[in-house]
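> how would this look folded up:
(chains A and B)
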Amino acid sequence: MNNFGVSDSNLVSHYKSGNEEAFEELVSRHKSRVFTTIYLIVKDKYVAEDLLQDTFIKVVKTIKSGRYNEEGKFLPWILRIAHNLAIDYFRKDKRYPTIVMEDGSKVFNTLEFAEDSIESLQIKSDTNALLKKLVQELPETQKEVLIMRHYMQMSFQDIAEATDVSINTALGRMRYALINLRKKMQNSTIAYDNTFYRK
Amino acid sequence: MTILFTENDLIRYIYGETSELENSEIENAVLCDSELSEKLDGLKSIYYDLDHLIVSPSERAMNDIFKSSVLL
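Model (predicted):
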């Protein structure tokens, strides 16, 4: 099946008729944007992969049962499902007690660090790794607007309605997020350069 | 007449939420205002960095999703 130039809504129609390749194309097209949206909220790649699977299972069930009716708006729809699942997870996770080791470190962090250590070493100086960390450190209200606008492609008007604030507040949060990230990126680059290139 | 633009206007501009008229006014203002130009460059720079911040799921996760579709 040559999917070059085929719209999402056409692929959904093919999938409704039982064409699994159409579904594979839809998933391949949007997996990274959906996964990034989830990952930036839950901050753990294994949890993000589980939630990605849950997202697509909801998509499959909705399309196969004939309840999908958002022709032409596939990506915003799937991003909303992913965002809601990630937020639900994030809220539940915050209520669970965290197991803390004798040295004060969290069990979860220890495991994550151990499994990521080779990857972490490889990408230590990488801009993406730094930016990923900085995005995750943003205040929740700023991170929420950033993810909704940049990765979910919602308009500022839609974000304002979804988060129950004025459009100026949504824009202000985005402004702080972008300016903070920019400053921290610059400071980190300067610190890195000073460490490795001492005068 | 000089039109003053705020950083919120520049953010709406880089995210494609300004009208054609506002676009041309902002583009003209940037040409004569170095401070505004610097602010726009800074915002664009972090915008492009964010655009490259894309994380991909593993092959295993993808295969699990494809299997689920066949089974459901």
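> please work out the average pLDDT along the host helix or strand of residue A:31.
For residue A:31, the host element (DSSP states H and E) is helix A:20-42. Per-residue pLDDT over helix A:20-42 has a mean of 92.
> show me what counts as buried in that helix.
For helix A:20-42, a neighbour-count test (16 or more other CB atoms under 10 Å in any protein chain shown) marks A:22-27, A:29-31, A:33-42 as buried. To be clear about C-beta, it is placed using only N, CA and C from the backbone, and glycine gets the same treatment.
> per-domain residue ranges of chain A.
A:8-91, A:118-197 (automatic domain parsing).
> worst average pLDDT in those domains?
domain A:118-197 - the lowest mean pLDDT of these, at a mean of 82.
> indicate whether the lengthiest helix in chain B makes contact with chain A.
In chain B, assigned by DSSP state H, the helix with the most residues is helix B:34-51. Yes. Against chain A, helix B:34-51 shows contacts by CB under 8 Å from any CB of the partner chain at B:42, B:43, B:45, B:46, B:47, B:49, B:50, B:51.
> ok, back up a step: if we look at chain B, which of the buried residues of helix A:20-42 are close to it?
A:23, A:24, A:27, A:31, A:33, A:35, A:36, A:39.
> so the first one is in contact with residue A:57, correct?
No. With contact taken as CB atoms under 8 Å, residue A:23 and residue A:57 are classed as non-touching, separated by 11.8 Å.
> any idea whether the closest residue to residue A:41 other than its chain neighbours is helix, strand or coil?
If you skip the residues right next to it in sequence, residue A:41 has residue A:86 as its closest partner in space, 4.0 Å away by CB to CB, 6 or more residues apart in numbering or on different chains. Classification of residue A:86 by DSSP: H, G, I helix; E, B strand; the rest coil places it in helix.
> how about the contacts made by residue A:86?
Contact analysis of residue A:86 by CB atoms under 8 Å, 6 or more residues apart in numbering or on different chains lists A:37, A:38, A:41, A:42, A:48, A:51.
> and which of these is nearest to chain B?
Nearest to chain B among these is residue A:48, at 7.4 Å by CB to the nearest CB.
> report how many residues lie close to the closest one.
Close neighbours of residue A:48, defined as other CB atoms under 10 Å in any protein chain shown, add up to 25.
> quickly find the element holding it.
helix A:45-64.
> which strands and helices lie in contact with that helix?
If contacts are counted by 3 or more CB pairs under 8 Å, 6 or more residues apart in numbering or on different chains; DSSP states H and E, helix A:45-64 sits against helix A:8-16, helix A:20-42, helix A:74-95, helix B:59-71.
> touching it from outside, list them.
A:12, A:15-16, A:23, A:27, A:31, A:34-35, A:38-39, A:42, A:68, A:78, A:81-82, A:85-86, A:89, B:55, B:57-58, B:60-61, B:64-65, B:68-69, B:72.
> which residue, other than its chain neighbours, is closest to the residue nearest the centre of chain A?
Geometric centre of chain A, nearest residue: residue A:37, 1.5 Å, by CA atoms, centre = their mean. Spatially, and ignoring its direct neighbours in sequence, residue A:37 is nearest to residue A:151 (4.6 Å; CB to CB, 6+ apart).
> which element is residue A:68 on?
With DSSP H and E as criterion, residue A:68 is part of no helix or strand.
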